[in-house]
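J.: give me the fold of what follows.
(2 chains)
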Number of protein chains: 2
Amino acid sequence: MTSLQPIRSAERGAPVRTIVPVILCGGSGSRLWPVSRKDFAKQHVPMLGGASPFQRTLSRLDPAVFGRPIVVSAAPARFLVADQAKEAGVAIDIALEPQGRDTLAAVTLAACLAARRDPDAIVMVMPSDHLIPDADAFARSAAAAARLAQDGHIVVLGIQPTAPSTAYGYIAPGAPLGAGGFTVDRFVEKPDAERAARLIDDGCLWNAGMFCFSASAGLAEIEEHAARTLAAVQRAIDESTDDLGAMALGKSFEGIAKISFDHAVMERTQRAAVVAAEFGWSDIGDWKAVWQESPRDANGVAAEGKVHAKDVTNSYLRSDGRLLCVLGVDGLAVVDTADAILVAPIERAQEVKGLVSELEAKKLPEATTPARVHRPWGWYQTMDLGERFRVKRIFVLPGKKLSLQKHHHRAEHWVCVRGTAEVVREGETIVLRENESVYLPLGCMHRLQNPGRIPVEIVEVQTGAYLEEDDIVRVEDDFGRL
Amino acid sequence: MTSLQPIRSAERGAPVRTIVPVILCGGSGSRLWPVSRKDFAKQHVPMLGGASPFQRTLSRLDPAVFGRPIVVSAAPARFLVADQAKEAGVAIDIALEPQGRDTLAAVTLAACLAARRDPDAIVMVMPSDHLIPDADAFARSAAAAARLAQDGHIVVLGIQPTAPSTAYGYIAPGAPLGAGGFTVDRFVEKPDAERAARLIDDGCLWNAGMFCFSASAGLAEIEEHAARTLAAVQRAIDESTDDLGAMALGKSFEGIAKISFDHAVMERTQRAAVVAAEFGWSDIGDWKAVWQESPRDANGVAAEGKVHAKDVTNSYLRSDGRLLCVLGVDGLAVVDTADAILVAPIERAQEVKGLVSELEAKKLPEATTPARVHRPWGWYQTMDLGERFRVKRIFVLPGKKLSLQKHHHRAEHWVCVRGTAEVVREGETIVLRENESVYLPLGCMHRLQNPGRIPVEIVEVQTGAYLEEDDIVRVEDDFGRL
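T.: Coordinates of the predicted model:
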């Protein structure tokens, strides 16, 4: 890992160390279903006509202020994290949680990892799924928080409320600390609407889960208020293994109690401080928030993809491919994906999460698994499904290799439509160029690999009586999936 | 063609000849877009969880009352007509209009064709895209009309209005004629809503375009009121050719003036009679009508396909494959197809036609061409489209053969996933069994054929820089498409 050098803040002249950004990238996002799924979290969803929130979070980090990011990710999403960071052109360190254990565990992990770089490192913890359009304003607020952190404060960034929301906790600022900071008078749990309005009148701020502290001060406070978690995280780090360049935490992580950093530390520490953020912010927590953050026309319509709207007002219309034609509605969200469509009033966007629970209860795969399934080596997607056949598109990243495998119930025809693939079939190696095909009989041992510098795309036609993913016998795998 | 025998009506004891049903199957149906398209008319759309309106029209014809149907079809839809009739298990005669020339031409054609079977044949003309759930009631009304027709009347069936609709013309019955019939006092053009209400109070009926007459009386009236059209139709019949078992009318048909049978004959003849229909009826003219005719749950929701609805009332929800998830809406139609989705209030269903005109003006193919394109030999559908490749599913009917063809810009890989195909490639004949594939290099002459008794399904992977339908050089074709 890179070592940290003190730098001078361009804005205010005070010397500030490079901030170590820690990006929390766990969790799933059923509130943006059907685009987000249990297996494809909100932070990875491309939106507003471009990059995903995770990618925007990375791109927002001005290198003059921030060092190399540490991303704390759920293990299953790690390849998606790596791919999206690569696509965004940002080099990251990845720490893999075997299980999500809430934010105390993740923040403790972040503090430990930053302290390994430099015991006095300034750490800034941030979620990966928020939208902050103004990177300069974000850097200024981060620098202000960092100055307080250097003085030993555990700083939380407070967001200026824009509505009496019941979705966030509130922070009541106390006495001024200089450098734009305040002591924290108290933390308030998610209030009802009436109380939220009073809190805003009293000058309270939203708690958006962004924290800043020096590694040493952070660890000292965690030690004081959550010693068992600290010890477990340290053990999990000691047990960690290198997993294709990512740090895979050990088994001790799994026993950690689920509790938030707010409850465990922020509400108890004597060192709490708050800095009012200068930047605009959204947690894009549902389709209403996405609509609000999207460019809209004079009728309040935000459209993404192939959309034709007539007499439509205040609506969010999104198509991932098909022609979406909407007539004469107001305040509606219509979201189309390859395998599922949502139609709901924007004002009821919060209820989508409950709707997805109903789909899960019905055991509908569309509830949890996206049509495009990401794998360590790329992705695949079913494009056609017949009675005894299935057609998939398979995308293999440069240099990546699928497992050596066979199937009991299906034969496969592979047509290479992009790049150059290498296919191993019963020990024989076949170079498959664009517009070439190969046949893999039922039961044959085979492997697909992309030895090249550009992606490989394969159209796979499976035939057989049983065509599900679980008919796969893996014999050798780069990704430990035997 | 079969000859007609007089039979005895089971209902009323009067001798009635077998009725020759003439089914008008022209026109397109943009009002049920995106399921119906210019190239896939409403009468062919499977609905209400089953057969298409055309198929229901055929199945409704009790063989004790009706003879072999004559279907008057637009030339491009003729294979769809033949396939759907075959699927419904009904043998038909098909007459092909080179162009739609409104109902006078079609009815005249029907009268001429029926007269060829038997000059005194009783002809009953009916649209193909209406819904009449009670086949027995329909047969009873037809028998009543036939009795009046045998007495020389030109009979129109009048539908009991269920609402002051402005979408239909009205018929004012006059004096009773016996056998449930009346003279016609007058025909009223589509009225405004206020006038419609008054007409209903006065006992008027809807004109649904169903007529019954003896061939001789019908032809005499057409001769009197529309002699030029009769002459042109007779010439077109003389010029007609056999087109794979259908009668393809000659060029004279194209010059016929566009006018309705109502205007040209019914409103002028002295022999007009009206029979009030005993049956329930819908012209399923838009999604509202489909919703009204569909089984609905206690909340007024009609759902077809994979639909999950929560807090939804009075809505029509249809999915052709994807999971359609709808929350908290009232009175909405949501219709999903392979390549296009419609969302519109049910009460504005009539405006869908105008919406489709807008799509046509934007030259969007989804406006006119369905995802599944029907051809004389079966159908094809694009299942995946990438930058330099396209994946199609191709369905070939038993005994059918595609044209002998080549492409300038694409190679094709064919994988047979059902049935046994015969492929001719550069003069060589290859038998392609299930789970076998063949490669057709760019520029090679090739032909696909289904020599078997069950359908053939092929997954076709095209690769190349240009992948549109117009890159096809046909050298030989069973269907005259050179």
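J.: A:L442 touches A:Y466, doesn't it?
T.: No: in this structure A:L442 lies outside contact range of A:Y466 using Cβ atoms under 8 Å: 10.7 Å. Just so you know, the C-beta spots here come from the backbone N, C-alpha and C atoms, and that holds for glycine as well.
J.: what do these two both touch?
T.: Common neighbours of A:L442 and A:Y466 (criterion: Cβ atoms under 8 Å, 6 or more residues apart in numbering or on different chains): A:409-410.
J.: helices of chain A, residue ranges please.
T.: Along chain A, counting by DSSP state H, helices occupy A:53-59, A:78-88, A:102-117, A:135-150, A:193-201, A:215-225, A:227-238, A:261, A:287-293, A:352-361.
J.: can I get these in CSV with mean neighbour count and distance to B:G386?
T.: Shown next, in CSV, are these (neighbours: other Cβ atoms under 10 Å in any protein chain shown; distance: least, Cβ to Cβ, whole Å):
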stretch, mean neighbour count, distance to B:G386
helix A:53-59, 23, 23
helix A:78-88, 19, 19
helix A:102-117, 24, 39
helix A:135-150, 23, 34
helix A:193-201, 15, 49
helix A:215-225, 20, 48
helix A:227-238, 18, 43
helix A:261, 28, 45
helix A:287-293, 22, 28
helix A:352-361, 17, 30
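J.: for chain B, which of those is the nearest?
T.: Minimum separation from chain B across these (Cβ to the nearest Cβ) falls at helix A:352-361, 5.5 Å.
J.: so for the closest one, mean pLDDT?
T.: Here helix A:352-361 scores 95 as its mean pLDDT.
J.: what of stretch A:413-429?
T.: Mean predicted lDDT for stretch A:413-429 stands at 96.
J.: tell me which residues of that stretch are tucked away?
T.: By 16 or more other Cβ atoms under 10 Å in any protein chain shown, the buried positions in stretch A:413-429 come out as A:413-425.
J.: any idea how far it is from the chain center?
T.: With Cα atoms, centre = their mean, to the nearest Å as the basis, stretch A:413-429 stands 33 Å off its chain's centre.
J.: end-to-end on that stretch?
T.: Here the two ends of stretch A:413-429 are set 16 Å apart, with distance taken as Cα to Cα, to the nearest Å.
J.: quick revisit: could you dump the helices of chain A to JSON lines with distance to A:A273?
T.: Below are the helices of chain A laid out as JSON lines (distance: least, Cβ to Cβ, whole Å):
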{"stretch": "helix A:53-59", "distance to A:A273": "23"}
{"stretch": "helix A:78-88", "distance to A:A273": "31"}
{"stretch": "helix A:102-117", "distance to A:A273": "16"}
{"stretch": "helix A:135-150", "distance to A:A273": "5"}
{"stretch": "helix A:193-201", "distance to A:A273": "19"}
{"stretch": "helix A:215-225", "distance to A:A273": "11"}
{"stretch": "helix A:227-238", "distance to A:A273": "21"}
{"stretch": "helix A:261", "distance to A:A273": "15"}
{"stretch": "helix A:287-293", "distance to A:A273": "28"}
{"stretch": "helix A:352-361", "distance to A:A273": "33"}
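J.: what's the closest of the ones you listed to B:A217?
T.: With Cβ to Cβ, the closest approach to B:A217 among the helices of chain A belongs to helix A:352-361: 61.8 Å.
J.: contacting residues around that closest one?
T.: By Cβ under 8 Å, 6+ apart, helix A:352-361 touches A:30-33, A:286-287, A:342, A:344, A:366-368, B:308, B:310, B:323, B:325, B:327.
J.: so which of the helices of chain A is nearest B:V473?
T.: helix A:78-88 (41.9 Å).
J.: mind telling me which of the helices of chain A the model trusts least?
T.: helix A:78-88 (a mean of 89).
J.: quick one: that one to chain centroid distance?
T.: With Cα atoms, centre = their mean, you get 10 Å for helix A:78-88.
J.: tell me what that helix is packed against?
T.: If you count contacts as 3 or more Cβ pairs under 8 Å, 6 or more residues apart in numbering or on different chains; DSSP states H and E, helix A:78-88 packs onto helix A:53-59, strand A:70-74, strand A:93-97, strand A:372-375.
J.: CSV for these, including distance to chain B?
T.: CSV is the format used below for these (distance: least, Cβ to the nearest Cβ, whole Å):
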stretch, distance to chain B
helix A:53-59, 22
strand A:70-74, 25
strand A:93-97, 30
strand A:372-375, 12
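J.: possible to save the ones you listed as TSV with distance to B:I19?
T.: Listed next are the helices and strands packed on helix A:78-88 as TSV, based on distance: least, Cβ to Cβ, whole Å:
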stretch	distance to B:I19
helix A:53-59	68
strand A:70-74	71
strand A:93-97	76
strand A:372-375	56
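J.: for the stretch 1-150 of chain A, which residues are neighbours of chain B?
T.: Contacts of the stretch 1-150 of chain A with chain B, taken as Cβ under 8 Å from any Cβ of the partner chain, map to A:P34.
J.: right, and chain B sits closest to which residue of the stretch 1-150 of chain A?
T.: A:P34 (7.2 Å).
J.: may I have the phi/psi pair for that residue?
T.: Here is the backbone geometry of A:P34 (degrees, to the nearest 10): phi -90, psi 0.
J.: quick revisit: tell me which of the helices of chain A lies nearest to B:R474.
T.: For those, proximity to B:R474 was assessed by Cβ to Cβ; helix A:78-88 is nearest, at 44.6 Å.
J.: identify the residues contacting A:G280.
T.: Counting by Cβ under 8 Å, 6+ apart, A:G280 has contacts A:132-134, A:137.
J.: and the least confident of those?
T.: Minimum pLDDT across these falls on A:P133, with 90.
J.: grab the nearest non-local neighbour of it.
T.: Spatial nearest neighbour of A:P133, chain neighbours left out: A:G280 (5.9 Å); criterion: Cβ to Cβ, 6 or more residues apart in numbering or on different chains.
J.: ramachandran angles for the one you found?
T.: Dihedral angles (degrees, to the nearest 10) for A:G280: phi -70, psi 150.
J.: okay, it and A:L131: tell me how far apart.
T.: According to Cβ to Cβ, to the nearest Å, A:G280 and A:L131 sit 8 Å apart.
J.: ditto for A:I171
T.: Relative to A:L131, and taking Cβ to Cβ, A:I171 is found at 20 Å.
J.: same question, A:V373
T.: Counting by Cβ to Cβ - A:V373 and A:L131 are separated by 26 Å.
J.: the more surrounded of those two?
T.: A:L131 (19 against 15; other Cβ atoms under 10 Å in any protein chain shown).
J.: quick check: bridge partners of the more buried one?
T.: A:S282 (DSSP bridges).
J.: who are the contact partners of the nearest residue to A:D336 once chain neighbours are set aside?
T.: Excluding its sequence neighbours, the residue lying closest to A:D336 (Cβ to Cβ, 6+ apart) is A:S319, at 4.6 Å. By Cβ under 8 Å, 6+ apart, the contact list for A:S319 reads A:304-307, A:336, B:341.
J.: low pLDDT regions in chain A?
T.: Scanning chain A for pLDDT under 70 picks out the ranges A:1-17, A:28.
J.: now with 80?
T.: A:1-17, A:27-29, A:49, A:76, A:179, A:244, A:479-482 (pLDDT under 80).
J.: which segments of it make up each domain?
T.: Taking automatic domain parsing as the reference, chain A has its domains at A:6-276, A:287-361, A:376-476.
J.: distance between the longest one and the chain's centre?
T.: In other words, domain A:6-276. Distance, centroid of domain A:6-276 to centroid of chain: 13 Å (Cα atoms, centre = their mean).
J.: likewise the second one?
T.: Mean C-alpha position of domain A:287-361 versus that of the full chain (Cα atoms, centre = their mean) differs by 22 Å.
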